[in-house]
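Trainee: I'd like to go over a predicted model; first the sequence, then the structure.
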Amino acid sequence: MQGVTVAKHPLIQHKLSLIRDKNRSSKTFRELLREIGMLLCYEVTRDLPLTDVEIETPLARTMAKQIAGKKLVIAPILRAGLSVAEGMLDLVPTARVAHIGLYREPETFTAVEYFFKAPADLAERLVIVVVPLLATGNTAVAAVRGLKERGAHDIRVVCLIGAVPGIERFQRTHPDVPIWMASIDDVLDERAFIVPGLGDAGDRAYGTK
């Protein structure tokens, strides 16, 4: 799919298989979310621009590389996006964080916003939206729309698993926003869950139903 990058690194694929297993405890599930988040962060940031800076090592002065411009904003969708974002913050601890509270209405599957808190300078930063699962696409669409309304224009989406219907829906609405993910699954069931997927990521991460 154009505009979609599937991260095929062996460590990502291995950990994705572990996290799909229904017998994982909530503790292990959260740990895997965090680990996959860090690995996906490598993938989504591999083309960040660099600038030359002069530094002094213990032996000499030299020119070295440093990320150019302002740092990132990581924008997890609550709840399960938090654990993935924590892995990204382990790698980029200077990033700012936007918290996006959205839930999927169980009958219509529409996204309902209940919380949104973001840095004021979104327009000056690369925003990485963390959507653990891209099922119908409605939640991701609403999150990116909210960020754009608040000034963001350089946006990327990261998710573990996306379903073809959700990816297509998202790309129709936000064709300018690229997606990085670990796997593409084919279908949704009657409850709009990705099949085979991994179930409800928030419930599995925090032991709720």
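Mentor: Structure's in. What do you need?
Trainee: following the lengthiest helix in the chain, which helix or strand comes up?
Mentor: Ranked by number of residues, the top helix in the chain under DSSP state H is helix 26-44. Next along the chain after helix 26-44, taking DSSP states H and E as the criterion, comes strand 50-56.
Trainee: any idea what the residue nearest to the spatial centre of the chain is bridged to?
Mentor: Among the residues of the chain, the one closest to the centroid is residue 130, at 2.3 Å (CA atoms, centre = their mean). Assessed by DSSP bridges, residue 130 has beta-bridge partners residue 76, residue 158.
Trainee: what sits against it?
Mentor: Counting by CB atoms under 8 Å, 6 or more residues apart in numbering, residue 130 makes contact with 37, 74, 75, 76, 77, 81, 84, 85, 88, 158, 159. For the C-beta atoms, the positions are set from N, CA and C on the backbone; glycine is no exception.
Trainee: could you do residue 193 as well?
Mentor: Residue 193 touches 135, 199, 200, counting by CB under 8 Å, 6+ apart.
Trainee: my guess is the first one contacts residue 188, does it?
Mentor: Yes: shown here, residue 135 and residue 188 form a contact pair, counting by CB atoms under 8 Å, at 5.9 Å.
Trainee: hang on, the earlier thing: ok, of the contacts of residue 130, which one's closest to residue 195?
Mentor: Using CB to CB, residue 159 is the member of those that lies nearest residue 195, at 15.9 Å.
Trainee: output stretch 119-139 as PDB, nothing but the C-alphas.
Mentor: What follows is stretch 119-139, C-alpha atoms only, in PDB (Å, rounded to 0.1, in the frame of the first residue of the first chain):
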ATOM      1  CA  PRO A 119       2.000  21.300  23.300                       C
ATOM      2  CA  ALA A 120       1.200  24.800  22.000                       C
ATOM      3  CA  ASP A 121       3.900  24.600  19.300                       C
ATOM      4  CA  LEU A 122       2.600  21.600  17.300                       C
ATOM      5  CA  ALA A 123       3.100  23.500  14.000                       C
ATOM      6  CA  GLU A 124       6.900  23.600  14.600                       C
ATOM      7  CA  ARG A 125       7.300  19.900  15.400                       C
ATOM      8  CA  LEU A 126       7.100  16.500  13.900                       C
ATOM      9  CA  VAL A 127       4.100  14.700  15.600                       C
ATOM     10  CA  ILE A 128       4.100  10.900  15.800                       C
ATOM     11  CA  VAL A 129       0.600   9.600  16.600                       C
ATOM     12  CA  VAL A 130       0.500   6.300  18.400                       C
ATOM     13  CA  VAL A 131      -2.500   4.200  17.400                       C
ATOM     14  CA  PRO A 132      -1.900   0.600  18.700                       C
ATOM     15  CA  LEU A 133      -4.600  -0.800  16.300                       C
ATOM     16  CA  LEU A 134      -5.900   0.700  13.100                       C
ATOM     17  CA  ALA A 135      -9.200  -1.200  12.800                       C
ATOM     18  CA  THR A 136     -12.100   0.900  11.300                       C
ATOM     19  CA  GLY A 137      -9.700   3.900  11.100                       C
ATOM     20  CA  ASN A 138     -12.200   6.200  12.900                       C
ATOM     21  CA  THR A 139     -10.100   6.800  15.900                       C
END
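Trainee: many thanks, we can stop here.
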